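Colleague: here you go, sequence then predicted model.
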Amino acid sequence: MRQFLRVAWVVMRKDLTVEMRSREIVYTTVFFAASCVLVFAFALVREGRPLEDAAAGILWISVAFAGTLALGRTFERERHTETLRALMLAPSDRPAIYVGKLLGILALMAIVEAVLVPLVGLLFHAPVLARPLWLAALLAAGTLGFASVGTLFAAMLVRARSRDVLLPVLLYPITIPVIIAGVRGTAALFQATPDEPMARFWAALLLFFDVVFVTLSLWTFEPLMTES
Amino acid sequence: MKRLLSLIVLFALLPGVVALAQEPAGTPSAQGDFVPVNQLPAQTEQLPAAPLLMGAYAFVWVALLVYVWSLWKRMGKLERELAELRRRVQNP
Amino acid sequence: MARVFVPLVLAAMLLFAAAPLVVASAPVEQTMGLVQKIFYYHVPSAMLMFVSAFVCGISSAVFLFRRSAAADRVALAAGELVVLFGAIVLVTGPLWARKAWGVWWEWDARLTSSLLLWMIFLAYLLVRRFGGPGSEKLAGAMALFGMANVPFVYVSVNYWRTLHPKTSVVMTLAPGMRAAFWFCVAAFAAMYVLLLTLRKRLEDRQAEVEQLYLATDD
């Protein structure tokens, strides 16, 4: 178990160290997410006032789009430098590599969301500070669900053709329950009087989803990455 | 020159496309709203059921038949290929 | 083709041809009238779509964890049938809905979940077709995740649409309708088994051909 965690930690540290040198993915993904929010602002704001409940939807859509981009770019870098094959050749627990990559993606998404949430709050007059802990919990659980499936699929797609378009094609249908739960939970928190029981229900569903899909991903990572 | 011509043709087609995209006059307004089933407004038009029913059944039949036919065709092709290959293996 | 098939084909065709007769003899439903008869083809197709989704998911799991190529072929066949029967459901449904509800589409739990399931398996076929080498495994993961997702999709869409779950309406079918309905279920099930077996056979032949090509290339 300790070995498992050590491997995961090392993989994550490697990813973050490489990223911090150029900060390429962080900057571009954050900017992309902000542009998304802006596009939605122009689409959904009428006469200077945003549509009701728009904030929650826009936040989660931007997270989903930015997440897909980040996943694609991270694994494209791995493919380019052929480090994924090196990782697979290392005599370590395969699922530990998956966990390490997942943690790296989560760290990246946390930075993106730290920028997105205030931006959405500002542009759409959403009360993001009303229940900050619940909002953080929803975002954490939802991002974990999205990223767990995304990391698995992106890793698998590294060697596939049409990988850029196939990642969203595969990822979005599977993660629709995550988006639904995230949006509805966040919308409940953004109401005039935040509806905590509702947010709690959706957070619980997200947590359940996370448990099931992280487990499934851990199980299938090894058979998927080994060439028969 | 060719690119310019294709651009002109495209712009000429644009008003036609826009005209087609207009909503036809007879559609009931209920189509645009997300209304729960038990709160729908009363039916404003009486649709004949028979065409819908026949359309549904026809679609089912056609879909299944097309699928079976495509399987049959591909199977025939594969069997021919298989026979050819077996013959080739027998007499190299 | 094979001897085993002929009786299966005959049985399926007989059942299927007789289905319209059975449907015509069933009593016409009171409120919805003639168009309700779409139900006899719509519901069995929906049942088989879900059955096929599970078949695909389970055989994909067997393929991934036991490396069984035969299981992969079953998965492909089942995946195609999900899309086929799903298309039937999604076309006959709106045709019925247009008359019964006045609109072509409604964002209620069952329709939305069915649409999502259909799209997941459409994506499955896309990956197999355009994913390049090694895409069978990725598609297998997709099918497995898709199958595991079914309860989540249903719960989340159900609660998304209404705050509290709808009370389920138990279908108490009149005797004449019940017979016609179950007859159609049997007809569709027979058709499904036939199509699944045929499609898997096709894949088996394909694998044989590829093996022979490799042999003759030496």
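Modeller: Done, it's in. The structure displayed is predicted, hence computed values, not measured ones.
Colleague: quick one: the closest residue to C:Leu15 other than its chain neighbours from chain B, how far?
Modeller: Computed as CB to CB, 6 or more residues apart in numbering or on different chains, the closest residue to C:Leu15 that is not its neighbour in sequence is C:Ala187, at 4.0 Å. C-beta coordinates here come from the backbone N, C-alpha and C atoms, glycine included. Separation of C:Ala187 from chain B (CB to the nearest CB, to the nearest Å) stands at 11 Å.
Colleague: look up how far A:Pro168 lies from A:Arg161.
Modeller: Counting by CB to CB, to the nearest Å, the separation of A:Arg161 from A:Pro168 is 15 Å.
Colleague: that older thread, confirm that the residue nearest to C:Leu15 sits in a helix.
Modeller: Yes. Assessed with DSSP: H, G, I helix; E, B strand; the rest coil, C:Ala187 lies in a helix.
Colleague: number of residues surrounding it?
Modeller: Residues lying near C:Ala187 (other CB atoms under 10 Å in any protein chain shown) number 24.
Colleague: so it makes contact with C:Pro20?
Modeller: No. At 10.0 Å, C:Ala187 does not count as touching C:Pro20 under the criterion of CB atoms under 8 Å.
Colleague: output the contacting helices and strands for the longest helix along chain B.
Modeller: Using DSSP state H, we find that the single longest helix of chain B is helix B:49-90. Applying 3 or more CB pairs under 8 Å, 6 or more residues apart in numbering or on different chains; DSSP states H and E, we find helix B:49-90 packed against helix C:39-66, helix C:69-100, helix C:175-217.
Colleague: name the residues of the shortest one that are buried.
Modeller: Within helix C:39-66, the residues that count as buried by 16 or more other CB atoms under 10 Å in any protein chain shown are C:39-53, C:55-64.
Colleague: may I have stretch A:30-38 exported as PDB, CA atoms only?
Modeller: Extracted as PDB, the C-alpha positions of stretch A:30-38 are listed here (Å, rounded to 0.1, in the frame of the first residue of the first chain):
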ATOM      1  CA  VAL A  30      -7.300  28.900 -17.600                       C
ATOM      2  CA  PHE A  31      -7.500  31.300 -20.400                       C
ATOM      3  CA  PHE A  32      -9.700  28.900 -22.400                       C
ATOM      4  CA  ALA A  33     -12.000  28.400 -19.500                       C
ATOM      5  CA  ALA A  34     -12.300  32.200 -19.100                       C
ATOM      6  CA  SER A  35     -13.100  32.600 -22.800                       C
ATOM      7  CA  CYS A  36     -15.800  29.900 -22.500                       C
ATOM      8  CA  VAL A  37     -17.400  31.900 -19.700                       C
ATOM      9  CA  LEU A  38     -17.200  35.000 -21.800                       C
END
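Colleague: chain center to it: distance?
Modeller: 15 Å (CA atoms, centre = their mean, to the nearest Å).
Colleague: which residues are in contact with that stretch?
Modeller: With contact meaning CB atoms under 8 Å, 6 or more residues apart in numbering or on different chains, stretch A:30-38 is reached by A:58-59, A:61-63, A:65-66, A:69, A:111-112, A:115-116, A:119-120, A:123.
Colleague: before we move on, what about stretch A:2-19?
Modeller: Contacts to stretch A:2-19, defined as CB under 8 Å, 6+ apart, come from residues A:25-26, A:74, A:77, A:87, A:92-93, A:95-97, A:99-101, A:103-104, A:107-108.
Colleague: ok, and which of the buried residues of helix C:39-66 reach chain B?
Modeller: Among the buried residues of helix C:39-66, the ones lying near chain B by CB under 8 Å from any CB of the partner chain are C:41-42, C:45.
Colleague: C:Phe85 reaches C:Val43, doesn't it?
Modeller: No. If you go by CB under 8 Å, C:Phe85 and C:Val43 don't touch, sitting 11.3 Å apart.
Colleague: pLDDT score assigned to residue 6?
Modeller: Unless you meant another one, I'm taking chain A. If you check A:Arg6, the pLDDT there is 89.
Colleague: I was thinking of chain C, sorry if that wasn't clear
Modeller: We note a pLDDT of 71 for C:Val6 in this prediction.
Colleague: any regions of the chain where pLDDT drops low?
Modeller: By default, I'm working from chain A. Flagging of chain A using pLDDT under 70 yields the residue ranges A:227-228.
Colleague: could you do chain B instead?
Modeller: For chain B (pLDDT under 70), the answer is B:1-49, B:92.
Colleague: A:Arg161 and A:Pro168: which is more packed in?
Modeller: Each of A:Arg161 and A:Pro168 has its neighbours counted (other CB under 10 Å); A:Pro168 has more, 18 against 14.
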